[in-house]
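**Student:** I would like to see how this sequence folds:
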Amino acid sequence: RIRVPFPDKEYNDITMKCQKTNFNTIKYNITNNKEFTNSIISKFDILKSKSYTNHELSMELCNQLSDITIPAKIIEPGLIEVIIRAGSVSGYNCIDWPVRIGGFGIINDSDINNISTSPICIRFNSSISHIHIDDSGVVRESFWNYMSKTPTLNDIINRLVEMLSFPFKTDDRVTSDRWYESEKHTYLKQSNISLYKNLCKHNKLFQPNISSNYLDENFLKYYKLALADANIWRDYINEISPNIYSFRIFSDEFCNHLIEEMSNFESTSLPKRRPNTMNKYGLILNDIGMESFMSKLLEDYISPISSVLFSNEAVAQGLDHHHSFLVEYREKDGDISLDMHHDASEVTFNLCLGKDFEGSGLKFCGPSGSHINRKLQHVYSHKKGFAILHLGRQRHGADNISSGHRINLIMWCRSSRFRIAAYNGEINPDGYPKQSEKETPDVECLSKTNDDDYYKQLSIITNK
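**Tutor:** Okay, the predicted model is just below:
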């Protein structure tokens with residue numbers, strides 16, 4: 001997968017974390033397509049059984065809301081959101097942190113290297129860099145050291161305050177050093193966001209709602225109809241290839257404003273991080289203060305649409321957090337293409353903002369882990385204001401741009417509930433069980449960056 005630049009590089013995403021928790025002890029059998037499809041049923045049964053109301057401790061903590069003095073509310077039965085502010089004013093105390101408490105946490109399973117028990121799931125609902133919090137915002141098992149298996153709401157809040165104030169007493173020197181590094185990174189990021197509020201060009205992009213002027217009129221009409229019947233989305237959205245969808249969602253005004261905002265931020269002296277390890281140009285939107293806007297896009301539009309379009313995919317249910325960024329391709333002085341890869345997401349939203357360009361088509365191959373992983377499936381030509389929606393495991397890459405300048409908005413959509421279940425070993429990680437390739441790969445689907453057998457396969461193809 002493409003990795004996100006993150007101070008806690010050892011645990012860059014839940015897939016890496018799965019690998020480091022001895023997932024090789026779980027035996028994945030290579031199956032055919034029929035067996036692979038039938039396994040979906042059991043995945044949904046597992047996720048359905050993990051509802052908040054089926055978790056006794058989650059329901060009990062909801063009854064303790066009157067025992068605490070900090071801001072808190074019940075999101076739904078069994079799920080609480082509290083607002084935590086603690087630590088140094090030049091550290092984690094720089095903003096209020098929304099934290100959601102509820103649902104099944106990490107289990108104790110001998111098949112997964114004896115992971116310590118987490119009695120309940122605790123997830124930061126805003127992106128944070130912290131040694132004891134993973135890339136999904138879920139607190140790691142280290143949070144529960146010396147905690148009761150049936151903690152009270154006050155116990156959890158006190159522990160949250162402690163983890164934002166200083167390293168845990170049980171942390172070794174290396175872990176403590178990384179805690180301070182992450183604290184500094186978080187403070188600098190939030191300081192930059194605060195500074196840019198006074199410099200931004202389009203204030204509407206930094207609000208926790210989306211202006212109707214930003215949405216395509218026809219999309220907005222179907223959105224209102226979908227509130228009564230979600231399946232109406234199938235009448236609007238075009239399936240251009242199996243599990244790959246295209247639709248108009250944003251107006252030209254939005255596309256232009258976001259491009260202008262990117263140029264405006266680039267003109268400042270504020271520090272800039274690039275989106276991932278493969279794109280040298282672009283911008284992480286969460287780093288400039290657009291996280292609430294993008295979260296609204298996910299919550300109101302992308303997540304409900306994904307639940308309908310990928311109704312047979314457990315990974316696409318309950319999308320609740322994201323990594324959102326801009327990428328750009330130019331004929332000169334920039335990225336000109338992107339090698340074949342799959343994303344560190346459950347679902348990927350890819351919107352073309354413009355500008356004028358030629359070439360730079362988007363090639364799709366089969367899903368990662370399938371026997372057609374390296375077989376060409378579809379070639380898509382970007383159009384301004386139109387989005388592509390596909391599973392994160394769908395292998396894809398960008399062709400060379402022949403002229404002009406293309407800028408796209410990418411949102412890697414993720415489901416904490418699915419990732420926790422995969423981490424626990426209750427369901428397979430995305431892209432598993434892996435299948436054996438049955439045919440020679442297509443040359444368009446080979447990846448020099450990601451395929452260990454790239455030169456071997458290239459030789460086979462060219463000598464045919």
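
**Student:** list the contacts for residue 438?
**Tutor:** For residue 438, the contacting residues are residue 371, taking C-beta atoms under 8 Å, 6 or more residues apart in numbering as the criterion. Bear in mind the C-beta positions are built from the backbone N, C-alpha and C, glycine included.

**Student:** which one is residue 292 nearest to, not counting chain neighbours?
**Tutor:** Leaving out its chain neighbours, the residue that sits closest to residue 292 by C-beta to C-beta, 6 or more residues apart in numbering is residue 208, at 3.9 Å.

**Student:** and for residue 222?
**Tutor:** The spatially closest residue to residue 222, leaving aside those adjacent along the chain, is residue 236, at 4.3 Å (C-beta to C-beta, 6+ apart).

**Student:** same question for residue 247.
**Tutor:** Distances taken as C-beta to C-beta, 6+ apart put residue 237 closest to residue 247, at 4.3 Å, once the chain neighbours are dropped.

**Student:** so that neighbour sits right up against residue 244, yeah?
**Tutor:** No. Counting by C-beta atoms under 8 Å, residue 237 sits too far from residue 244 to count as a contact (10.8 Å).

**Student:** still on that earlier bit, dihedrals phi and psi, the residue nearest to residue 222?
**Tutor:** Torsion angles at residue 236 (phi, psi; degrees, to the nearest 10) stand at phi -100, psi -40.

**Student:** swap in residue 379?
**Tutor:** When read as degrees, to the nearest 10, the backbone of residue 379 gives phi -120, psi 120.

**Student:** which residues does it bridge with?
**Tutor:** For residue 379, the beta-bridge assignment (DSSP bridges) gives partners residue 363.

**Student:** that one contacts residue 359, correct?
**Tutor:** No. Using C-beta under 8 Å, residue 379 is not in contact with residue 359, being 11.4 Å away.

**Student:** look at these two and report which has more neighbours.
**Tutor:** Taking residue 379 and residue 359 together and counting by other C-beta atoms under 10 Å, residue 359 has the greater number of neighbours (17 against 13).

**Student:** now do the helices in the protein.
**Tutor:** In the chain, the helices defined using DSSP state H lie at 14-20, 33-49, 56-62, 153-165, 173-197, 217-226, 233-236, 252-266, 291-297, 303-309, 416-423, 454-462.

**Student:** mean neighbour count, distance to residue 273 and mean pLDDT added to the ones you listed, as JSON lines?
**Tutor:** JSON lines is the format used below for the helices of the chain (neighbours: other C-beta atoms under 10 Å; distance: least, C-beta to C-beta, whole Å; pLDDT from 0 to 100):
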{"stretch": "helix 14-20", "mean neighbour count": "18", "distance to residue 273": "19", "mean pLDDT": "32"}
{"stretch": "helix 33-49", "mean neighbour count": "13", "distance to residue 273": "33", "mean pLDDT": "51"}
{"stretch": "helix 56-62", "mean neighbour count": "18", "distance to residue 273": "35", "mean pLDDT": "94"}
{"stretch": "helix 153-165", "mean neighbour count": "18", "distance to residue 273": "22", "mean pLDDT": "97"}
{"stretch": "helix 173-197", "mean neighbour count": "16", "distance to residue 273": "9", "mean pLDDT": "95"}
{"stretch": "helix 217-226", "mean neighbour count": "14", "distance to residue 273": "31", "mean pLDDT": "97"}
{"stretch": "helix 233-236", "mean neighbour count": "16", "distance to residue 273": "34", "mean pLDDT": "97"}
{"stretch": "helix 252-266", "mean neighbour count": "17", "distance to residue 273": "12", "mean pLDDT": "96"}
{"stretch": "helix 291-297", "mean neighbour count": "19", "distance to residue 273": "14", "mean pLDDT": "96"}
{"stretch": "helix 303-309", "mean neighbour count": "21", "distance to residue 273": "25", "mean pLDDT": "96"}
{"stretch": "helix 416-423", "mean neighbour count": "24", "distance to residue 273": "23", "mean pLDDT": "80"}
{"stretch": "helix 454-462", "mean neighbour count": "13", "distance to residue 273": "29", "mean pLDDT": "92"}
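
**Student:** looking at those, spot the one closest to residue 95.
**Tutor:** Shortest separation from residue 95 across these is recorded for helix 173-197, at 5.4 Å, computed as C-beta to C-beta.

**Student:** counting contacts, what elements does that closest one pack onto?
**Tutor:** Under the contact criterion of 3 or more C-beta pairs under 8 Å, 6 or more residues apart in numbering; DSSP states H and E, helix 173-197 touches no helix or strand at all.
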